[in-house]
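Asks: sharing a model that was predicted from the sequence below.
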Amino acid sequence: MSTATRPPLPRAATAARLRAPSWRDPRLLVGLLLVLTSVLLGARVVAAASSTTPVWAAARTLVPGEEVTPEDLRRVDVHVDGGAGAYLAAGAPLPVGAVVLREVVAGDLVPRSSLGSSADLATRPVGLPVSGPVPSGLVAGALVDVWVVPPTPRGGAASTGSAASGASSGAAAQAGPRQLAAGAVVAEVTTDSTAFSTGRGAVVQVDLAPAELQQALRALAEDASVSLVLVPGSTPTAAG
């Protein structure tokens, strides 16, 4: 009996070994570069978010025409997009003799453009006597609409003719209330019982433009009644 020839056994497959990555492997270099880039960008974002600039904020409402002192300001550290150059820097001395050109509400940052010299003022304060009780919201920094009511014409001798009729209709047209200014800033409110025989009323300093000031002085000279209507929501609040 012949013996069958068996096929040779296959050689054992050689197990593949994992090689340690080389520093020259481009994939490793790209990965390290991405990690370093993300770390640097994150550090810059955190540094930019935490960097602040000291500037001045209004400790109370500043009204046009008054001189600014250190007691009127408080230092705050803020981060302002685009820089804080538009605001009054806390590290620099205050401009000598600087006055407020436009209202700055308590707690707001003080813009550089809100300060200047007296010659730059666009308004002038005038004292307006107000009879009757003063609203609780009528304080310095509030906004008011100024209305005047001309005095009632006194009766006189009757006149005839078209000229007298025209004058009479003109006087009637002037007898109604008219608005003298809108959204005027209140600079000061002085309540003095000796100023009025009734013991009720106040003198309110209101900043008016030159044309409005002229009308106000004319109305006062004509014994007109002055009424101040508080603009809703304009009463300043104390700085926190």
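Replies: Good, I have the coordinates.

Asks: which of the three states applies to the closest residue to Thr123 other than its chain neighbours?
Replies: The shortest distance from Thr123 to any residue other than its chain neighbours is 4.0 Å, reached at Asp207 (CB to CB, 6 or more residues apart in numbering). Using the backbone N, CA and C atoms, a C-beta is placed for each residue, glycine as well. At Asp207 the chain is in strand, as set by DSSP: H, G, I helix; E, B strand; the rest coil.

Asks: Asp207 against Pro64, yeah?
Replies: Yes: look at Asp207 against Pro64 with CB atoms under 8 Å: they come within range, at 5.0 Å.

Asks: care to break the chain down by domain?
Replies: Per the record's domain assignment (automatic domain parsing), the chain is made up of the domains 53-119, 123-152+177-230.

Asks: average pLDDT for the last one?
Replies: What it means is domain 123-152+177-230. The pLDDT scores in domain 123-152+177-230 average 84.

Asks: next, the distance between the ends of it.
Replies: Between the opening and closing residues of domain 123-152+177-230 lies a distance of 19 Å (CA to CA, to the nearest Å).

Asks: what's the longest strand in this protein?
Replies: In the chain, with assignment by DSSP state E, the single longest strand is strand 178-190.

Asks: so which bits of that strand are buried?
Replies: Judged by neighbour count using 16 or more other CB atoms under 10 Å, the buried positions of strand 178-190 are Leu180, Ala181, Ala184, Val185, Val186, Ala187, Glu188, Val189.

Asks: ok, the residues you listed vs Val68, which is closest?
Replies: Of all the buried residues of strand 178-190, Val68 sits closest to Ala187, with 14.1 Å by CB to CB.
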